[in-house]
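Peer 1: Please find the sequence and the predicted model below.
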Amino acid sequence: MVSKLPDGSESFAWWELIKWIADPLAYLEAGARRYGEVFTIKLRGFAPFVIISNPQGIQEILSVDAKLFDSGSANNIVRPLVGDNSLLLLDGDRHKRQRKLLMPPFHGERLQAYGQIICEISEKVASQWTEGNSFIARSAMQDITLEVILQAVFGLYEGERYQQLKPLLAAMLDLTGSPLRSSILFFKFLQRDWGAWSPWRRMEQRKQEIYDLLQAEIDERRADREIPGNDILSLMLLARDENGEPMSDEELKDEMMTLLVAGHETTATALAWAFYWIHKLPEVREKLLQELDSLGENPDPMAIYQLPYLSAVCQETLRIYPIVPIAFFRLPRKPVEIMGRSFAPGTMLASCIYLVHHREDLYPQSKQFKPERFLERQYSPYEYLPFGGGNRRCLGYALAQLEMKLVLATILSRYQLALADNKPVKPQRRGLTIAPDSGVRMVLTGKRDRATRAIEPKPVKKEAVAQ
Ligand code: HEM
C-alpha cells in the first residue's frame, strides 16, 4: 500500500512560499529540526515535495534504473530561462540521447584542452585589477567562467557577438539576483507582461536578444561549409536523430542557452565562496600557497588539478554552501519504496544536498570550514553530492572542478588579495542557487613574485579525495 506523504508543512500557505524564497537554507534546517531526515514541504502554487537527507535514502533514489524516475517534467520553474527543449526539461530516451551528445566535450581529453585556456582567461581578468581598488569577486569570476563556457559552446570568446552576449546574459541572470527578484520564478502572476518596466517583460526582452545572437551564430555556421570545430555547437549541428533528422534551430538555441546559463553562474558563485573562505581563514590561505608554490613556476594544469589540499578546499567550499541546495526532483513512474516507506507515482522526491552536507555524524562541526575533513576521510557519492547524482548528475561537474582549481591557483599564486571589509558574508538565494549576499568584495593588495613565495614548502597529507 502507498503510504501518505511524510509529516511536514500542514498547508499550502503563501507564508510558507515566502519563507522558502527568502531563506531556503533556514527553511530546510527548521524542517529537519522539527521532522527529521524525511519531511514534506508544501508551497502555494506548487505540488508538495519530500525532502530526504539520509544517505541511504538518497542512494535508493539516485542509484536506481533511470527508467523508473522522471525529473525533467518537474523542472518547469527554469522553462522561462532556458526554453522548452532544454536538457533540464527532458526525460526518458530524449534526455538520454541529448546527454550522450553533450557529455564528451566536458570530459576526458577534450576537457584537458581547456586547462591552458582557463589559466589564460584568469590571468587576463586579474591583470585588470589595480592595487588598492576593490572589486566584487563574484562578478570577476563570472567574467572568467562565461568566457570559458563560450569557448566550450562556440569555440570562441572574442569578437563582436561574444561582446554582445556577455552583458546580456549577465543582465538576464541578474533579474533573479536576490530573493526578492527571484520571486519572478515562483509567482505565476509575475510571469506576465505588466508593462515596460515589469521584470517579466525585461526577462523576455533580454532572452529574445540573446536568442537573436544565437540564431545569427547558427546561420553563420550553417552557411560556412568548412570543417566543423570541436565545440558543442559544431557537434549539435552534425547530430542526427534515429530518423536522420538534424536538431531544429529552436532545439539548438534552447540547448546552448542551457549550457550558457547552467555552465557559468554556478561555477562563478562557487569561486566567489572559495575566495571568501581562503581569505577569511589565514591558515587555509597559508597552507594553500605552500602547496601551490611547491609546483614551481608555470606548472602543468593537470599537476594543479591533482593537488590534494587545493582539491580539499574546493570540496569543502561546495560542501558548506552547496550552490544548488537540493538536487532535481525525481518522480517515480511506479510506486517505490524508499527507506521502507512507499511513495505513489508522481511524488516529488528531493535529495537534499545542503542537509546531508551538514549532518553532524558525517561532518562534525559542520558550520566550520575545514578542508582537512576531505583529506582524512572518503565520502560516498550519497554523503557528498554537490553535483547531484545518477542519470542527471551535473553534466559540467568535471569542467566546474577543473575551473575552480585552475582559477584559484592562477590568481592566488600571482596576486595578493584580501577581503575588503569584515562584514559577515551570508548565503542568499540567487534564482535557484545559493550565493554570497554581497558577492564578496575584495581588494588587490599586491603581486606575488618568486621572492615572496615559500622556499621550502611543507608537504601536505597526500590522500586526495577526488570527487
Ligand atoms: C560548481 C559548479 C556547479 C554546480 C555546483 C552544479 C550543480 C548541479 C546540480 C546539483 C545539478 C542537478 C543534478 C541532479 O539533480 O542530480 C546540475 C545539473 C546540471 N548541470 Fe551543473 N553544476 C555546476 C556547474 C555546471 C557547469 C560548468 C555546467 C556546464 C556544462 C553544468 C551543466 C549542468 C547541466 C546541463 C545539468 C542538467 C543535467 C541533466 O538534466 O541531465 N553545470 N548541476
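Peer 2: Arrived safely, thanks for sending.

Peer 1: right, and G195 touches R202 too?
Peer 2: No: G195 lies out of contact with R202 (CB atoms under 8 Å); the separation is 10.4 Å. (C-beta placed from N, C-alpha, C; glycine too.)

Peer 1: From the contact counts, what lies against the helix ranked longest in the chain?
Peer 2: In the chain, taking DSSP state H as the definition, the longest helix is helix 199-223. When contacts are defined as 3 or more CB pairs under 8 Å, 6 or more residues apart in numbering; DSSP states H and E, helix 199-223 sits against helix 79-82, helix 160-174, helix 179-186, helix 232-238, helix 249-262.

Peer 1: Look at the spatially closest residue to D241 that is not a sequence neighbour and say how many residues are nearby.
Peer 2: Counting by CB to CB, 6 or more residues apart in numbering, R97 is the residue found nearest to D241 once chain neighbours are left out, at 7.3 Å. Applying other CB atoms under 10 Å, we find 14 residues neighbouring R97.

Peer 1: So R97, which state does it fall into?
Peer 2: Look at R97: counting by DSSP: H, G, I helix; E, B strand; the rest coil, its state is helix.

Peer 1: now do Q142
Peer 2: Using three-state DSSP, the structure places Q142 in helix.

Peer 1: Kindly report the same for N298.
Peer 2: Per three-state DSSP, N298 ends up coil.

Peer 1: for it, phi and psi?
Peer 2: Per-residue torsions, N298: phi 40, psi 60 (degrees, to the nearest 10).

Peer 1: For it, report the pLDDT, please.
Peer 2: For N298, the pLDDT comes out at 86.

Peer 1: List the contacts of it.
Peer 2: Residues in contact with N298 (CB atoms under 8 Å, 6 or more residues apart in numbering): none are found.

Peer 1: picking that back up, if I read this right, the residue nearest to D241 contacts M247, doesn't it?
Peer 2: No: if you go by CB under 8 Å, R97 and M247 don't touch, sitting 10.5 Å apart.

Peer 1: what does the stretch 151-300 of the chain have sitting close to the ligand?
Peer 2: Within the stretch 151-300 of the chain, the positions adjacent to the ligand are T258, L259, A262, G263, T266, T267, A270 by CB under 6 Å from any ligand atom.

Peer 1: repeat that with 5 Å
Peer 2: For the stretch 151-300 of the chain, the contact set with the ligand under CB under 5 Å from any ligand atom comprises A262, G263, T266, T267, A270.

Peer 1: what's the straight distance from one end of stretch 422-435 to the other?
Peer 2: For stretch 422-435, the first-to-last residue distance is 18 Å (CA to CA, to the nearest Å).

Peer 1: Name the surrounding residues that touch that stretch.
Peer 2: Stretch 422-435 is contacted from outside by 21-25, 77-78, 81, 138, 173, 176-179, 182, 185, 265-266, 269, 272-273, 276, 321-325, 354, 436-438, 440, using CB under 8 Å, 6+ apart.

Peer 1: go on, stretch 269-282?
Peer 2: Residues from elsewhere that reach stretch 269-282, judged by CB under 8 Å, 6+ apart: 137-138, 141, 144-145, 284-285, 288, 313-314, 316-318, 320-321, 323, 369, 400, 403-404, 407-408, 412, 417-419, 425, 430, 433-436, 439-440, 442.

Peer 1: 7 Å - rerun?
Peer 2: 137-138, 141, 284-285, 288, 313-314, 317-318, 321, 323, 369, 400, 404, 407-408, 417-419, 425, 433, 435-436, 439-440, 442 (CB atoms under 7 Å, 6 or more residues apart in numbering).

Peer 1: quick one on the thing from earlier: now list the buried members of the contacts of stretch 422-435.
Peer 2: For the contacts of stretch 422-435, a burial check counting by 16 or more other CB atoms under 10 Å picks out 21, 23-25, 78, 81, 138, 173, 176-177, 179, 182, 185, 265-266, 269, 272-273, 276, 321-325, 354, 436-438, 440.

Peer 1: what comes up buried for stretch 143-160?
Peer 2: By neighbour count with 16+ other CB under 10 Å, stretch 143-160 contains the buried residues 143-154, 157.

Peer 1: and if you look at stretch 52-71?
Peer 2: Neighbour-count burial for stretch 52-71, counted by 16+ other CB under 10 Å, picks out 52-55, 57-62, 64, 66, 69-71.

Peer 1: picking up where we left off before, tell me which of the contacts of stretch 422-435 fall in helices.
Peer 2: Judged by DSSP H, the subset of the contacts of stretch 422-435 located in helices is 21-22, 24-25, 81, 138, 173, 179, 182, 185, 265-266, 269, 272-273, 276, 354.

Peer 1: Phi and psi next, for whatever residue of the stretch 101-250 of the chain ends up closest to the ligand.
Peer 2: Proximity of the stretch 101-250 of the chain to the ligand (CB to the nearest ligand atom) peaks at F106, 5.4 Å away. Per-residue torsions, F106: phi -100, psi 10 (degrees, to the nearest 10).

Peer 1: who touches it in this structure?
Peer 2: L395, G396, A398, L399.
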